[in-house]
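Colleague: how would this look folded up:
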Amino acid sequence: MEQIYTIPVNEAFEASSADPACGCPFCSLYNKLENDELELILGASMMEPDVRIKTNERGFCRTHYDMMFGRKNRLGMALTLESHLGELAEEIRDGGFLSSPGQKPIKRIGALEQSCYVCERIDFNFSHMIETAVLLWEQDESFEVKLRAQPYFCLPHYRALLVAAQHRLSKKEFPRFEGICAEIVNRYMEKLSKDVSWFCKKFDYRYDEEPWYDSKDAVERAIRFLRSDLHRPPEKKK
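Modeller: This is a model prediction of the structure:
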């Protein structure tokens, strides 16, 4: 089964199964969505009136401001900020003698702190990609091979995958799906724990002559496993 909406999910799972260095396939999917959204917001979508209305209303989180700034399109950012600041100036200004002092800025800035145009776009599309992975498992027999071949799922995406599967799969199908996913995660966690422990031992003089094995990047891998590997910049084309 190959539909347009299944292609990116299949590609991410195939890439991670072929090269464990790709890591969690859902982290790769998230990062691709994020990079695509940032390209659009600083490019083709920047001057579209309906997009500008939404970015003026929702703004961006600090992470995505920093990522946009890192793309070195200062004019694109400045045009977006000009419009956003212009509207905010009116929306946080107290409105006269009869209004409650401070209520407009408190309410508007509070809402702004909780919103980000890019985050909302990513979250909407990413949730469908999680569901698509479960759909592929349910409807495409060949997907099980790709699932079993995954190096690992980071813990946040492992949880999201199980939640989606619990909602979609039958009580008969879910335990087998959950069992395969748990085996992948538990196997990786066991190896990761050993690598982290060995990394610690290497700082003991008694192990000074011992090899590092796979532990040199154990700390970085543990962080990616525990909290996902998000906000990676796109790989530069050779």
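
Colleague: Chain neighbours aside, what residue packs nearest to residue 133?
Modeller: residue 9 (5.4 Å; CB to CB, 6 or more residues apart in numbering). Using the backbone N, CA and C atoms, a C-beta is placed for each residue, glycine as well.

Colleague: count of neighbours near the one you found?
Modeller: Residue 9 has 23 neighbours, counted by other CB atoms under 10 Å.

Colleague: name the element it belongs to?
Modeller: Per DSSP states H and E: residue 9 is located in helix 7-18.

Colleague: cool, and residue 29?
Modeller: Residue 29 belongs to helix 25-41, assigned by DSSP H and E.

Colleague: now for that helix, which elements pack on it?
Modeller: With contacts taken as 3 or more CB pairs under 8 Å, 6 or more residues apart in numbering; DSSP states H and E, helix 25-41 sits against helix 7-18, helix 62-70, helix 117-139, helix 155-168.

Colleague: how about the residue nearest to the spatial centre of the chain, what does it touch?
Modeller: The structure's the chain has its C-alpha centroid closest to residue 30; by CA atoms, centre = their mean the separation is 3.8 Å. Residues in contact with residue 30, defined by CB atoms under 8 Å, 6 or more residues apart in numbering, are 122, 126, 228, 230.

Colleague: got a list of what the nearest residue to residue 149 once chain neighbours are set aside touches?
Modeller: Distance criterion CB to CB, 6+ apart; nearest residue to residue 149, sequence neighbours excluded, is residue 17 at 3.5 Å. By CB under 8 Å, 6+ apart, residue 17 lies in contact with 146, 149-151.

Colleague: try residue 191
Modeller: Shown in contact with residue 191 (CB under 8 Å, 6+ apart): residue 214.

Colleague: Would you mark the buried spots in the helix or strand hosting it?
Modeller: Per DSSP H and E: residue 191 is located in helix 174-201. For helix 174-201, the neighbour count (16 or more other CB atoms under 10 Å) marks 174, 177, 181, 184-185, 188, 192, 195, 198-199 as buried.
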